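Chemist: structure here, sequence nowhere to be found:
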DNA sequence: ACCAAATACATGTATATACACCTAACATTA
DNA sequence: TAATGTTAGGTGTATATACATGTATTTGGT
């Protein structure tokens, strides 16, 4: 679907302006699609993201700060997302012995299992629904990074 | 900044997978940048979006449903966003005389003024910070729409 | 060793997102 | 026109986002 239909608007100031709205809309669409899949596993997009990040260091623990630095949406409130994962027994939280200010978090076997299953479902979705060649994806990545050129 | 640095991760399953994360991250980045500007005008991104949509029909009113259909993030709770705009006297809400179920909303002079000023600031930001040629923006729009090809 | 500054994380508040549910008003059709 | 279904939008709840503030701990200068 063209952006014009999606947000019922035709008057964009420029192609660049349209592109910014298109990125916001496409991100919303991707999140919504992902959320539908993740719902079957009882987790949200952000919870999935934290599990994914923890898996990167597993079986080692990670502190809240390290997780936060890897989040896609950087202002996510990691302690509270971890609260919910802990309630579902997908992660465990402990005070670090080296630095007692730090809370270190690691996946439980239940967390690993749920992550693997939900990740497979997400990958399958991407393979089935997103028809983009490798070259097109590379091009897209380059253009997105060009938009963020002045990122500090 | 490359996505790899931004989210401190190197292992993407594919270029397509990287592209989806890149879209989510770029959208977050654009929203954050926009929020900084809009904060000076006392409104949020979604409130700005509603004002922008209302402007499209001004001086006519629009009902909640019409606004919702034009929102970028489609599950936005329009009645509550309108609540906040109404509190700030940027819009007025009335019951429709034609269909009494409908609430029709229109911009106040204060709302128009604030929209124009904030929109200028947003446009200036885009012009200064986003260095993308018309052709590149068109290419980007085409690629994003290709990702959403199977959108229903 | 002590005190000030910095750091890590928890917590509070306002807003937004996502979705379920409710009520009033309208539309349909028997 | 009464009964039924549909639609509009308001409201409740859980989660997330954005940001300010509080508290314990560590660090670094003297």
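Modeler: Arrived safely. All values derive from a computational prediction rather than experimental measurement.

Chemist: contacts, neighbours, all on C-alpha from now
Modeler: Will do.

Chemist: let me see the ranges of the strands in chain A.
Modeler: A:62-63, A:91-95, A:103-107 (DSSP state E).

Chemist: could I get these as TSV with mean pLDDT?
Modeler: Below are the strands of chain A laid out as TSV (pLDDT from 0 to 100):
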stretch	mean pLDDT
strand A:62-63	96
strand A:91-95	95
strand A:103-107	97
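
Chemist: from the ones you listed, which stretch is densest packed?
Modeler: Here the criterion is mean neighbour count by mean count of other C-alpha atoms under 10 Å in any protein chain shown, and of these the winner is strand A:103-107, at a mean of 22.

Chemist: what about that one, near DNA strand C?
Modeler: Yes: contact of strand A:103-107 with DNA strand C (C-alpha under 7 Å from any atom of the strand) involves A:103, A:104.

Chemist: for DNA strand D, find the nearest of the strands of chain A.
Modeler: Taking C-alpha to the nearest atom of the strand, strand A:91-95 is the member of the strands of chain A nearest to DNA strand D, at 9.4 Å.

Chemist: against which helices or strands is the closest one packed?
Modeler: Counting contacts by 3 or more C-alpha pairs under 8 Å, 6 or more residues apart in numbering or on different chains; DSSP states H and E, strand A:91-95 packs against helix A:78-87, strand A:103-107.

Chemist: run the chain-centre distance for the helix ranked longest in chain A.
Modeler: For chain A, the longest helix by residue count, based on DSSP state H, is helix A:15-39. Centre-to-centre, helix A:15-39 and its host chain are 12 Å apart (C-alpha atoms, centre = their mean, to the nearest Å).

Chemist: can I get the strands of chain A in JSON lines with distance to residue B:10?
Modeler: Output for the strands of chain A, formatted as JSON lines (distance: least, C-alpha to C-alpha, whole Å):
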{"stretch": "strand A:62-63", "distance to residue B:10": "17"}
{"stretch": "strand A:91-95", "distance to residue B:10": "23"}
{"stretch": "strand A:103-107", "distance to residue B:10": "21"}
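
Chemist: wait, residue A:147 sits on residue B:133?
Modeler: No: applying C-alpha atoms under 8 Å as the test, residue A:147 and residue B:133 come out as separate, 10.5 Å apart.
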